[in-house]
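Engineer: Predicted model, plus sequence, below.
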Amino acid sequence: MSHHHHHHHHDHGNLKGKNLLFSIFLNVLITASQVVGGIISGSLSLISDALHNLTDVISLIISYVANQLSKKKASTNRTFGYKRAEILAAFVNSSSLIIVALYLIKEAVERFLNPVAIQSGIVIWLAILGIVANGLSVLLLKKHSEGNMNMKSAYIHLLTDMLASIAVLVGGFLMKYFEIYWVDSVLTAAIAVYLIYMGYDLLKTSTRALMLFVPENIDLEKIIEAVHEIKYVNKLHHIHVWNLNDDEVHLEAHLDFSEDITISQFDEIQHEIEHLLHDEFGINHINLQPEFKKQEASKDFIVQD
């Protein structure tokens, strides 16, 4: 069995951690303000925004813990370390987005059927606070969200909350100047639908990674065709390809040879395959089991084993 990997990792972990902590502080401040303001003013959209902010706080704490865990080194009983912690965090965060959204829709329907007068002044000022604080958090996390599922989940929470605060602000003005109080319920429902839309895609991606599905951008048939072009290769089979985390894509397979080659020849062929798979398909951890005329029950490309 042979194993090799190319690993390109730029560690911005400390900056990520500091930005997450600052965002947590801002969101605790917003949540407390909006809960009090929502109760005083009677605004459901403000309370829904506060509830969403509370999930932001929880999601940011989860993201922060996952970010710190992912830096821990591997050990004899944790050979991958905590590299999958951030994918797990993304799954939890995206699930919470959808659950909160469904609850908000239920509350919005009930309020729409039984509208109440709302103190719009408090709503307007707290919505402005939400826009400023969440906007700052969004700017802090934007660059970290590219190519990292965990940071993306935190970023989406904050981005949707900033948009929700903008919607609440618009609603506040409509209530203040036109006394259109039902807009509070409509905005709450709109915020919830948007949360489901944003959360679903991330939930699907993180679930695929947790289930060890083949990454969506990788075509196994093209990998097989490319490897079969290499001299002495007879058949690549028993193939498994999966994301360990956002940075690492692993492939393990059996490699059947057409001739009884030497170990040094195998090393050269393996080196060629490693470069091919890394450069063409972005696979950076490769584990190959060489074979020659080995009798097996199945030589299928994909085998349930």
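Structural biologist: Perfect, thanks for sending it. Numbers count the residues shown, from 1 in each chain.
Engineer: Run through the helices of the stretch 151-300 of the chain in chain order.
Structural biologist: All helices of the stretch 151-300 of the chain, identified by DSSP state H, counting those that start in this stretch, fall at 183-210, 220-228, 263-281.
Engineer: can I see the domain layout of the chain?
Structural biologist: As given by automatic domain parsing, the domain ranges for the chain are 2-210, 220-291.
Engineer: Just say which of the ones you listed is most tucked in.
Structural biologist: domain 2-210 (a mean of 19; mean count of other CB atoms under 10 Å). The C-beta positions use only the backbone N, C-alpha and C, and glycine is treated the same way.
Engineer: Quick one: mean pLDDT for that domain?
Structural biologist: Mean pLDDT, domain 2-210: 83.
Engineer: about what we covered before: what's the closest of the helices of the stretch 151-300 of the chain to I39?
Structural biologist: Among the helices of the stretch 151-300 of the chain, helix 183-210 comes nearest to I39, with 14.2 Å by CB to CB.
Engineer: Distance check, the closest residue to I196 other than its chain neighbours against A108.
Structural biologist: Once flanking residues are discounted, I196 sits nearest to A101: 4.7 Å by CB to CB, 6 or more residues apart in numbering. Going from A101 to A108 by CB to CB, to the nearest Å gives 10 Å.
Engineer: intersection of neighbour lists for those two?
Structural biologist: Shared contacts of A101 and A108 (CB atoms under 8 Å, 6 or more residues apart in numbering): A192.
Engineer: so P215 makes contact with V249?
Structural biologist: Yes - contact criterion CB atoms under 8 Å: P215 and V249 qualify, at 6.1 Å.
Engineer: Need the overlap of contacts for these two.
Structural biologist: Common contacts of P215 and V249 (CB under 8 Å, 6+ apart): 241-243.
Engineer: hang on, the earlier thing: rebuild the helices of the stretch 151-300 of the chain as JSON lines, extending it with distance to I302.
Structural biologist: JSON lines is the format used below for the helices of the stretch 151-300 of the chain (distance: least, CB to CB, whole Å):
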{"stretch": "helix 183-210", "distance to I302": "16"}
{"stretch": "helix 220-228", "distance to I302": "8"}
{"stretch": "helix 263-281", "distance to I302": "17"}
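Engineer: Between those helices, which one is closest to S298.
Structural biologist: Closest of these to S298 is helix 220-228, at 15.4 Å (criterion: CB to CB).
Engineer: now the angle between helix 263-281 and the closest one, please.
Structural biologist: Angle between the axes of helix 220-228 and helix 263-281 is 140 degrees (criterion: axes from the mean of the first three to the mean of the last three CA atoms, to 10 degrees).
Engineer: Please work out the average pLDDT along helix 220-228.
Structural biologist: 96.
Engineer: Contacts for it, please.
Structural biologist: Here helix 220-228 has contacts from 214, 233, 235-236, 239, 241, 251, 255, 273, 276-277, 280-281, 283, 301-302, using CB under 8 Å, 6+ apart.
Engineer: S75: which of the residues you listed is nearest?
Structural biologist: Of all the contacts of helix 220-228, S75 sits closest to L251, with 24.3 Å by CB to CB.
Engineer: you'd agree the closest one is up against I283?
Structural biologist: Yes - the pair L251 / I283 is scored as a contact, 4.9 Å apart, by CB under 8 Å.
Engineer: Find the residues that touch each one of the two.
Structural biologist: Residues within reach of L251 and of I283 at once, by CB under 8 Å, 6+ apart, are 223, 241, 277.
Engineer: got the contact list for the last one?
Structural biologist: What that stands for is L277. By CB under 8 Å, 6+ apart, L277 lies in contact with 223, 226-227, 251, 283, 286.
Engineer: could you redo the last one with a cut-off of 6 Å?
Structural biologist: Counting by CB atoms under 6 Å, 6 or more residues apart in numbering, L277 makes contact with I283.
Engineer: Look up how far I261 lies from it.
Structural biologist: To I261, L277 is 19 Å away according to CB to CB.
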